[in-house]
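**Student:** how would this look folded up:
(one chain, ligands or ions: 1)
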Amino acid sequence: MSWKQIDEARRRLEREQGFVIKGWGGRIPIALVYPNSYFLGMSSLGFQSVYKLFNAYDSVVCERGFYSAATTGVPGADTEGWSGSSQAARAQQAAHREPPISLESQRSLADFAVVAFSVSFEMDYFNMIGALRQAGIPLRSSERDERHPLVIAGGPCITANPEPMADFVDAVVMGEGEVIIPALIQALEETRGLDREDVLKQLATVPGVYVPAVRNQAVRQWLKDLDCQKTASVILTPDTSLGDMYLMEVSRGCAWGCRFCLAGYLFRPMRPRSLPVLLEMAAEGLRHRRRLGLVGAAVSDYPWIDELVGRLREMGAGLAASSLRLRPLSRKLVEALLATGAHTLTFAPEAGSERLRDIIRKGISEDEVFQGVKLAAQFHVRRLKFYFMVGLPGERDEDIQALIDLCLASRAILDSSSPSTELVASLTPFVPKAGTPFQWEAMTPAPEIMERLDRVRRALRRRHVQVRHESPEWSAVQGVLARGDRRLADVLAEIERADLPSWQKAMDAAGIDAQEYLGSLPLQAELPWCSVDTALPKGLLERQRSQAIQIMENEQGCSAAEA
Ligand code: SF4
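**Tutor:** From the prediction side, this is the model:
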C-alpha cells in the first residue's frame with residue numbers, strides 16, 4: 001500500500017460521520033468490501049446496514065474496503081444517482097490498481113480473518129477477483145488455507161446464482177443480513193482456531209449460508225418484521241451522489257412480480273415498515289440532513305405513502321425517492337419530490353406496447369404512462385427519464401415502433417406545457433436472470449439488439465428525445481454470468497483487465513461458447529443454480545413463465561392475477 005492510499009483513506013474518514021473505529025485485540029476482523037467505487041458503495045443502504053450489523057457485535061471489528069478497476073461501457077453503469085450527476089459518478093470511478101486497503105485502519109485485506117463482499121451486480125465479479133488478486137489472497141477457495149481470510153459474499157445476483165463465483169468464495173450469504181449475521185458470527189466465534197475444512201463444514205450448517213465446497217442446499221432467509229430493525233444511513237458523507245440525504249428504507253420487496261425482475265422475486269414478500277417507526281427514523285435523519293431519501297423497490301407502492309409524505313413535509317423534510325411506479329403513482333409524493341429539490345422523475349414502462357408489458361407482467365397501461373408524463377409536465381420537471389428494455393421475450397418489430405411512438409407522444413405532451421423538460425429514453429438489453437420466470441428464456445443476440453437500438457436512435461434523433469443505451473456486448477457478458485456455472489471460474493481467473501477482447505480470449509482458451517449460456521434452456525434442464533432455494537412457492541416461476549407464453553401465443557391481454 002502507498003502513502004497516497006493511506007492519506008486518501010484518512011481524508012475520506014475526515015469527511016465522514018458515523019464510521020466505527022475499534023481495537024482489533026481479541027476480535028474477529030472483518031473487511032466488508034464493496035467491489036466498486038466508494039462513490040457507488042456509499043450510496044448503497046444494504047452495504048451500510050451490513051457494516052452496522054457486523055459492528056453491533058463486540059466480538060467483531062468490521063472495516064470497509066472498496067475496489068474498482070473500472071471498465072467502460074459495462075451495463076448497469078448508469079450511476080446518475082437519484083437526481084442526476086453521471087459525470088461526477090464516472091469521474092469517481094477512475095480505475096486504480098493498487099491493493100485495496102480498509103478505510104478505518106488502512107490495513108491490507110489479507111490481514112483480516114474474513115473478507116465479506118457486498119455484490120450488487122454481476123459485472124462486479126471482475127472487481128471481486130481483482131481485489132483478491134491485488135491483496136495477494138489466493139483466488140480460489142481450494143488454494144487458501146488457515147493463513148488466509150475466509151472469503152464470503154452476499155447480494156442479489158450471487159444469491160440467485162452463485163455458481164460462476166463458486167470456486168472463488170468460501171461461502172455465500174443467501175438473503176437478508178439481519179437474519180443470517182447473528183448465526184454467522186456465532187459460527188465464526190465457535191470455529192476460531194479450527195482448520196479450514198471444519199470451519200467450512202460448520203458454516204454450511206448456518207441457515208442461509210451456502211458453502212460451494214460442501215454443495216449444501218441453502219434456503220434464502222428474510223426478515224419477517226421490518227420494524228425490528230431501523231435500516232437507514234449509518235455513515236454520512238458528502239462524497240456520493242446521495243450525499244445531501246439521509247437514506248431510510250420504507251419497504252423491502254415488491255408485490256408486482258414483473259417476470260424479468262430479480263428484485264421482484266428475490267426480496268419477496270413485500271414488507272412495509274410501519275408509519276410510526278418511519279417517523280422516528282425521519283426525526284433521527286433530520287438531525288443530520290434536511291433531505292430524506294426514501295428507499296424501496298417501489299416507493300410509491302408504500303401503503304401509507306400519502307400520509308407519510310404529508311407527515312414528513314410537516315417535519316420540514318425535503319424528499320427524494322429511489323424508485324417510482326407509474327401505478328400507483330402518488331401525486332402527493334411527486335409534488336413533494338419536485339417541491340423539495342428533485343430535478344429528475346424516472347419512470348420505467350420497460351416496454352413500448354401494452355402487449356409486451358403484459359408479457360413481462362409490468363401491469364401499466366399506456367394511459368398510466370401518459371398520466372405520469374402529464375404530471376411531470378404540470379410540475380415543469382427539469383428531466384423526465386424512461387427506462388426501457390430491448391430484446392424482451394416475445395418482442396417484435398411493432399413493439400420497437402410502439403416504444404418510439406410512446407416517446408414521441410410523451411414528447412408532444414411535454415411540448416404542450418413544459419417544452420424545456422428534457423426527455424431521456426434509457427435502453428437496456430434484456431438479460432435473463434436466474435431466479436425469475438424468464439430464467440429459461442434466450443437472450444437476443446447482440447447484433448440484433450444493436451439494430452433495434454439503432455432504429456430507436458434514428459427515429460428519435462432530432463425529435464428532442466435523448467437516447468442512451470448500454471452496450472449489447474457487455475450485456476451478453478452479464479447474461480453469461482447471470483446463468484453461468486462453475487466452468488466460468490477458468491475464464492474469470494484468467495482476466496486481469498475486464499475488457500471485451502480479454503473476455504473473448506479467456507472464453508476461447510477455456511473452450512466455452514457463450515451461446516451455451518445465452519440460448520433458451522429446456523424447462524426440464526438441471527439448472528446450475530439448483531442448490532439455491534429462494535423460498536418461493538413451488539412452481540411459481542414455471543406458472544408465471546407459462547402465463548407469459550400463453551399471452552405470446554394467443555395475443556390477448558393478461559389479468560396478471562397471480563401474486
Ligand atoms: S415493479 Fe419494479 S421492483 Fe417491482 S417487480 Fe416490477 S420491476 Fe421489479
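**Student:** quick one: low-confidence ranges for the stretch 51-200 of the chain?
**Tutor:** 70-97 (pLDDT under 70).
**Student:** at 80 what do you get?
**Tutor:** The stretch 51-200 of the chain contains residues with pLDDT under 80 at 69-97.
**Student:** which residue does it bring closest to the ligand?
**Tutor:** Pro156 (11.2 Å; C-beta to the nearest ligand atom). Just so you know, the C-beta spots here come from the backbone N, C-alpha and C atoms, and that holds for glycine as well.
**Student:** Give the full set of residues in contact with Glu542.
**Tutor:** Contact analysis of Glu542 by C-beta atoms under 8 Å, 6 or more residues apart in numbering lists Pro437, Leu523.
**Student:** Report how many residues lie close to Gly243.
**Tutor:** 16 (other C-beta atoms under 10 Å).
**Student:** Please report phi then psi for it.
**Tutor:** phi -60, psi -20 (degrees, to the nearest 10).
**Student:** surely Gln17 meets Ile235?
**Tutor:** Yes: checked against C-beta atoms under 8 Å, the pair Gln17 and Ile235 is within contact range at 6.8 Å.
**Student:** Would you mind measuring from Phe39 to the ligand?
**Tutor:** Using C-beta to the nearest ligand atom, to the nearest Å, Phe39 is found at 24 Å from the ligand.
**Student:** got it, and Cys261?
**Tutor:** For Cys261, the distance to the ligand - C-beta to the nearest ligand atom - is 3 Å.
**Student:** which residue does the stretch 351-500 of the chain bring closest to the ligand?
**Tutor:** Lys362 (6.7 Å).
**Student:** Per-residue confidence, whatever residue of the stretch 151-300 of the chain ends up closest to the ligand, what does it come out as?
**Tutor:** Residue nearest to the ligand within the stretch 151-300 of the chain: Gly264 (2.5 Å; C-beta to the nearest ligand atom). Per-residue pLDDT puts Gly264 at 94.
**Student:** Mind giving me the packing neighbours of the strand or helix carrying it?
**Tutor:** Assigned by DSSP states H and E, Gly264 belongs to helix 262-266. Counting contacts by 3 or more C-beta pairs under 8 Å, 6 or more residues apart in numbering; DSSP states H and E, helix 262-266 is packed against helix 156-160.
**Student:** Run through who's touching the helix it packs on.
**Tutor:** Residues contacting helix 156-160 (C-beta under 8 Å, 6+ apart): 119-122, 165, 169, 172-175, 220, 262-263, 266-267, 433-436, 481-482, 529, 532, 534.
**Student:** gap between Thr205 and Gln48?
**Tutor:** Thr205 sits 29 Å away from Gln48, going by C-beta to C-beta, to the nearest Å.
**Student:** Mind checking which of the two has more residues around it?
**Tutor:** Neighbour count, other C-beta under 10 Å: between Thr205 and Gln48, Gln48 has more, with 24 against 12.
**Student:** Can you tell me the SS state at Pro447?
**Tutor:** Secondary structure, DSSP: H, G, I helix; E, B strand; the rest coil: Pro447 is helix.
**Student:** Asp145: neighbouring residues, count only.
**Tutor:** 10.
**Student:** which residues touch it?
**Tutor:** Arg196.
**Student:** In a strand, it, correct?
**Tutor:** No: counting by three-state DSSP, Asp145 is not part of a strand but coil.
**Student:** From Trp304, how far off is it?
**Tutor:** 53 Å.
**Student:** more neighbours, Gln17 and Ile235?
**Tutor:** Ile235 (18 against 12).
**Student:** dump the residue contacts of that one.
**Tutor:** Contacts of Ile235 by C-beta under 8 Å, 6+ apart are Glu16, Gln17, Gly18, Phe19, Met42, Gln48, Tyr51.
**Student:** Would it be right to say that Pro29 lies in a strand?
**Tutor:** Yes: counting by three-state DSSP, one finds Pro29 located in a strand.
**Student:** Nearest to the spatial middle of the protein, which residue is it?
**Tutor:** By C-alpha atoms, centre = their mean, the mean C-alpha position of the chain lies nearest to Ser120, the distance being 4.2 Å.
**Student:** List the backbone torsions phi and psi for that one.
**Tutor:** According to degrees, to the nearest 10, Ser120 has phi -90, psi -20.
**Student:** which residues touch the nearest residue to it once chain neighbours are set aside?
**Tutor:** Excluding the flanking residues, the one nearest Ser120 by C-beta to C-beta, 6 or more residues apart in numbering is Gly155, at 5.6 Å. Going by C-beta under 8 Å, 6+ apart, Gly155 touches Gly46, Phe117, Ser118, Val119, Ser120, Phe121.
**Student:** Helices along the stretch 151-300 of the chain, start to end?
**Tutor:** Listed in chain order, the helices of the stretch 151-300 of the chain (DSSP state H, counting those that start in this stretch) span 156-160, 177-190, 196-203, 262-266, 275-286.
**Student:** what's the angle between the longest one and helix 196-203?
**Tutor:** In this structure, helix 177-190 runs at an angle of 140 degrees to helix 196-203, with axes from the mean of the first three to the mean of the last three C-alpha atoms, to 10 degrees as the basis.
**Student:** residues from the stretch 251-400 of the chain in reach of the ligand?
**Tutor:** Cys254, Trp256, Gly257, Cys258, Cys261, Ala263, Gly264, Ala297, Ala298, Arg325 (C-beta under 6 Å from any ligand atom).
**Student:** now the helices for the stretch 451-563 of the chain?
**Tutor:** So, for the stretch 451-563 of the chain - with DSSP H, counting those that start in this stretch - the helices run 472-482, 488-494, 500-510, 515-518, 540-554.
**Student:** winner for burial among those?
**Tutor:** helix 472-482 (a mean of 24; mean count of other C-beta atoms under 10 Å).
**Student:** tell me the mean pLDDT over that helix?
**Tutor:** 97.
**Student:** are any of the contacts of Ile235 buried, and which?
**Tutor:** Neighbour-count burial (16 or more other C-beta atoms under 10 Å) applied to the contacts of Ile235 gives Glu16, Phe19, Met42, Gln48, Tyr51.
**Student:** just to revisit the earlier point, of the helices of the stretch 451-563 of the chain, which approaches Pro212 most closely?
**Tutor:** helix 488-494 (10.1 Å; C-beta to C-beta).
**Student:** Thanks a lot, see you next time.
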